[in-house]
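>>> Based on what follows, work out the 3D shape:
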Amino acid sequence: MCQGYDVSEVWLPEESKWHINLLELRAIRLSLNSFSDMLCGRLLQINMDNATAMCYLSRQGGPCSRALCHEVILIWGWAIWNTVDMRALHVEGSQNLRADFLSRLGRNQYKWSMTPEVLATIFGHWGYPSVDLFATQRNKKAPFFCTRAAWDANFLEDAFQIP
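Numbering: from 1, shown residues only. Modelled structure (predicted):
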């Protein structure tokens, strides 16, 4: 949630088996990616009801989990890239109801993808694309993609800006 806007995703099957602390940090990173345009150059307070994730984020890492440290490095890398200063604050679960509700939602009806069988037919006829023009990190079908919800070396922000 950011400035009245919500975002939610469904965990991929392999992600749903991860520890809750890692899922909490991953959710923060995915949310930050989704709100990059609104957050660039700002001071950000991240409220969370997971004390371990809050400590890892506040301390920019920790001694017990390589996976949590890796996720925190990605989060702080995003913050540096977007000139965002972050503070993590622990809130009681009873004060975190909206975020908890969003984390339990089903699949987002606006983020769909074609089945592999349909794609195989299309790509068999037309060839494999080099760029997926309207994708997210989770549903991309090509190594390079256009999205408003991610940041790494393999994406472009706006498909309509490509000459």
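
>>> alpha carbons only for contacts and neighbour counts from here, please
OK.

>>> From S58, how far off is C64?
15 Å (C-alpha to C-alpha, to the nearest Å).

>>> Please disregard the earlier target; I meant R42.
Separation of R42 from S58 (C-alpha to C-alpha): 17 Å.

>>> In terms of neighbours, single out the busier of those two.
Taking neighbours as other C-alpha atoms under 10 Å, R42 and S58 compare with S58 leading, 16 against 13.

>>> need the contact list for the more buried one.
By C-alpha atoms under 8 Å, 6 or more residues apart in numbering, the contact set of S58 is 87-88.

>>> now swap in R26 and tell me
So R26 contacts E71 (C-alpha under 8 Å, 6+ apart).

>>> From D132, how far out is it?
Distance of R26 to D132, computed by C-alpha to C-alpha: 23 Å.

>>> helices and strands of the chain: which one has the lowest mean pLDDT?
Across the helices and strands of the chain, mean confidence by mean pLDDT, DSSP states H and E is lowest for helix 97-103: a mean of 54.

>>> what about F35, how many neighbours?
Count around F35 with other C-alpha under 10 Å applied: 19.

>>> so who does S113 touch?
N139.

>>> Report pLDDT for it.
pLDDT, the model's per-residue confidence, is 70 for S113.

>>> three-state assignment of it?
What DSSP: H, G, I helix; E, B strand; the rest coil gives for S113 is coil.

>>> Start the count at 299 instead of 1 going forward.
Okay, using 299 as the starting number, the last item reads as S411.

>>> distance of it from C444?
For S411, the distance to C444 (C-alpha to C-alpha) stands at 15 Å.

>>> Quick check: nearest residue in space to N319, chain neighbours excluded?
If the residues on either side of it in the chain are set aside, N319 comes closest to A351, at 5.6 Å by C-alpha to C-alpha, 6 or more residues apart in numbering.

>>> Would you confirm that that neighbour contacts H317?
No: using C-alpha atoms under 8 Å, A351 makes no contact with H317, being 11.0 Å away.

>>> So between these two, which is more surrounded?
Legend: neighbour count by other C-alpha under 10 Å for A351 and H317, higher for A351 (26 against 11).

>>> any low-confidence regions in this protein?
299-309, 390-410, 435-436, 445-461 (pLDDT under 70).

>>> quick one: the helices in it?
All helices of the chain, identified by DSSP state H, fall at 318-332, 334-337, 349-356, 364-379, 395-401, 414-424.

>>> got the contact list for I371?
By C-alpha under 8 Å, 6+ apart, the residues touching I371 are 358-359.

>>> For it, give its distance to D347.
I371 is 20 Å from D347, by C-alpha to C-alpha.
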